[in-house]
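>>> Task: produce atomic coordinates for the following.
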Amino acid sequence: MISTHTGRMRVNAYHFRDTWLLSSPVRTVFDAVTDVAGYPRWWPDVREVTRVDDDTAQLVCRAVLPYALVIRMRRAEEDRDTGRMRVHLTGDLEGSLAATALQLPGGTRLEITQQVIATKPLLRTLSPLARPVFRANHALMMRRGWRGLESHLSATGAR
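The predicted model follows:
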């Protein structure tokens with residue numbers, strides 16, 4: 001997994017770029033990542049997923065810090081042929097998450113970009129001081145998601 005953080009923005013705005021290298025085929029990775037209801041099976045920090053409608057799910061996420069984020073993800077793009085997906089985020093984080101699954105020899109590179117504004121009052125209040133801690137919490141959550149997905153796909157024989 002490769003993770004970078006870019007740009008200078010408002011203190012409660014965040015831009016994250018992560019790359020997950022996975023040993024499963026691109027279509028298998030795409031199907032797992034677009035199956036939001038299945039996240040709790042492999043991503044330990046996604047504690048709960050509730051379907052709102054055909055294009056929207058509500059997630060409760062918590063990594064190591066003592067708070068949970070409640071986020072609604074609404075599908076904006078999902079193209080299995082190109083490996084591109086994008087969702088709009090509302091709730092404790094407002095913004096977007098986009099990902100592209102690209103075939104590599106022997107696996108897949110999943111490129112993930114998130115642009116969000118923290119709207120949860122606790123995060124807005126603490127962002128000026130705790131921004132590095134929030135970034136570290138995000139990085140840990142993404143690392144555990146990458147490891148969880150790789151393990152899940154390996155265990156299900158998705159090669």
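>>> quick one: the residue sitting nearest the centre point of the chain and Asp81, what's the gap?
With distances taken as C-alpha atoms, centre = their mean, the residue of the chain nearest its centroid is Met142 (6.6 Å). Noted for Met142: a distance of 26 Å to Asp81, by C-beta to C-beta, to the nearest Å. (C-beta placed from N, C-alpha, C; glycine too.)
>>> How about Arg143?
Remark: distance between Arg143 and Asp81 (C-beta to C-beta) = 29 Å.
>>> Mind telling me what element the closest residue in space to Val116 that isn't next to it in sequence is part of?
Ranked by C-beta to C-beta, 6 or more residues apart in numbering and with sequence neighbours excluded, the top spatial neighbour of Val116 is Gly95, at 3.6 Å. Taking DSSP states H and E as the criterion, Gly95 maps to strand 93-104.
>>> Who does that strand pair with, and is each partner parallel or antiparallel?
Strand 93-104 has these partner strands in its sheet, going by DSSP bridges: strand 84-91 (antiparallel), strand 107-118 (antiparallel).
>>> got a list of contacts for that strand?
With C-beta atoms under 8 Å, 6 or more residues apart in numbering as the contact definition, strand 93-104 has outside contacts at 21, 25-26, 29-30, 33, 69, 71, 73, 76-77, 82-89, 108-120.
>>> 7 Å instead, please
Outside strand 93-104, the residues that touch it by C-beta atoms under 7 Å, 6 or more residues apart in numbering are 26, 29-30, 33, 69, 71, 83-89, 108-119.
>>> Stretch 70-88 now?
26-27, 30, 33-34, 36, 52, 55-61, 89-93, 96-102.
>>> let's go with 8 Å and repeat that
With contact meaning C-beta under 8 Å, 6+ apart, stretch 70-88 is reached by 26-27, 30-31, 33-34, 36, 52, 55-61, 89-93, 95-103.
>>> could you flag which of those residues are buried?
Buried members of these, scored by 16 or more other C-beta atoms under 10 Å, are 26, 30-31, 33, 36, 56-61, 89, 92-93, 95-97, 99-101.
>>> Noted, bye for now.
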